[in-house]
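Colleague: sequence and predicted structure are below.
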Amino acid sequence: MFWQRALVTLTLGPLALYLVYLGGWWLFVPVTAVFLVATHEYLHMVEGLGWKPAHWLLYGAVLAQMAVAQWPGLGLTAVDLLAPLTLISFLLSLAYALWLYEFDKSKTAVADWFSLIVGILIIGWVGGHLLRIRNLEHMAWQWTMLGLVAIWIADTGAYLVGRFFAGKLLGHHQLTPRLSPKKTVEGYIGGIVLSIGATALAAYLLTLPVLTSIIMATIVSALGPLGDLGISMLKRQAGLKDSGVLFPGHGGAFDRIDSLIWSIAITYYLILFIG
């Protein structure tokens with residue numbers, strides 16, 4: 001499992017960074033494809049709970065959110081279409097839930113609606129920041145790469161420290177015994193420390209402000225794992241180990257983006273506020 005996981009990481013990691021460097025359609029197409037696979041996995045998970053959100057509406061909303069993240073005005077206007085698009089998606093989802101309740105006598109209409117809203121927000125809106133950050137006017141590909149490095153090193157560092165080092169030196173103290181028994185406090189702290197160090201070095205090499213990058217890495221590595229734990233909670237409730245099987249040794253698409261999308265969104269707003 002470890003070597004399979006390492007092989008996938010060493011293969012896809014550099015490819016992902018190269019696509020970030022290229023940007024444009026080279027990034028938009030694979031990112032959107034992965035997010036649509038994650039949408040499929042999300043629907044499978046919530047259906048395991050007995051909920052039935054509208055597939056067509058969630059797929060359509062995620063695709064539209066990705067398009068607006070890449071081209072904010074879709075070439076038609078200088079106004080960012082994200083807010084009105086999100087509002088329309090929410091209203092359509094509410095109309096569908098009301099129809100289910102009124103005419104289909106659904107007993108899960110409210111849960112169906114909420115699960116649809118959550119899917120649109122997490123996959124579409126939060127996930128769309130991966131394209132939004134790449135389209136910033138200044139140092140876009142550098143900041144995007146740095147955000148990815150910060151969460152990747154935090155995730156990998158937590159795994160390596162928790163599995164190979166902490167047990168012998170400090171013992172194992174479970175971080176979340178019910179949600180993810182293999183995650184340890186030692187691994188979590190080790191991931192943060194390694195992320196800060198690697199991000200500072202990467203920032204220096206990419207000619208980005210090191211202090212801002214350290215602040216970003218600290219926040220991202222500390223808060224990013226919440227996304228992972230949130231999806232773990234959903235998987236546990238649905239009786240699933242992984243969201244899918246897209247990446248050998250890593251699980252599904254959602255298993256790979258659960259922390260990443262939140263971390264990139266955090267990076268995006270930190271750049272806007274203090275970058």
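Modeller: Structure received.

Colleague: can you classify residue 51 by secondary structure?
Modeller: Of the three states, residue 51 takes coil under DSSP: H, G, I helix; E, B strand; the rest coil.

Colleague: which residues touch it?
Modeller: Applying CB atoms under 8 Å, 6 or more residues apart in numbering to residue 51 gives the contacts 108, 111-112, 115. Backbone N, C-alpha and C define where each C-beta goes, glycine included.

Colleague: next step: those restricted to strands.
Modeller: Counting by DSSP state E, no part of those is found in strands.

Colleague: lowest pLDDT pick from these?
Modeller: In terms of pLDDT, residue 108 ranks lowest among these, with 86.

Colleague: and residue 109, how many neighbours does it have?
Modeller: Look at residue 109: counted by other CB atoms under 10 Å, it has 19 neighbours.

Colleague: excluding its backbone neighbours, what's nearest it?
Modeller: Excluding its sequence neighbours, the residue lying closest to residue 109 (CB to CB, 6 or more residues apart in numbering) is residue 101, at 3.8 Å.

Colleague: kindly reformat the contacts of residue 51 as a markdown table containing distance to residue 172 and neighbour count.
Modeller: Converted to a markdown table, these look like this (distance: CB to CB, whole Å; neighbours: other CB atoms under 10 Å):
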| residue | distance to residue 172 | neighbour count |
| --- | --- | --- |
| 108 | 40 | 17 |
| 111 | 37 | 17 |
| 112 | 40 | 22 |
| 115 | 35 | 24 |
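
Colleague: can I get those residues in CSV with distance to residue 36?
Modeller: Formatted as CSV, those follow (distance: CB to CB, whole Å):
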residue, distance to residue 36
108, 24
111, 23
112, 20
115, 17
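
Colleague: report the two of these separated the most.
Modeller: Greatest spatial distance among the contacts of residue 51 (CB to CB): 108 and 115, at 9.0 Å.

Colleague: what's the pLDDT at the residue nearest to residue 109?
Modeller: For residue 101, the predicted pLDDT is 86.

Colleague: how far away is it from residue 55?
Modeller: 18 Å (CB to CB, to the nearest Å).
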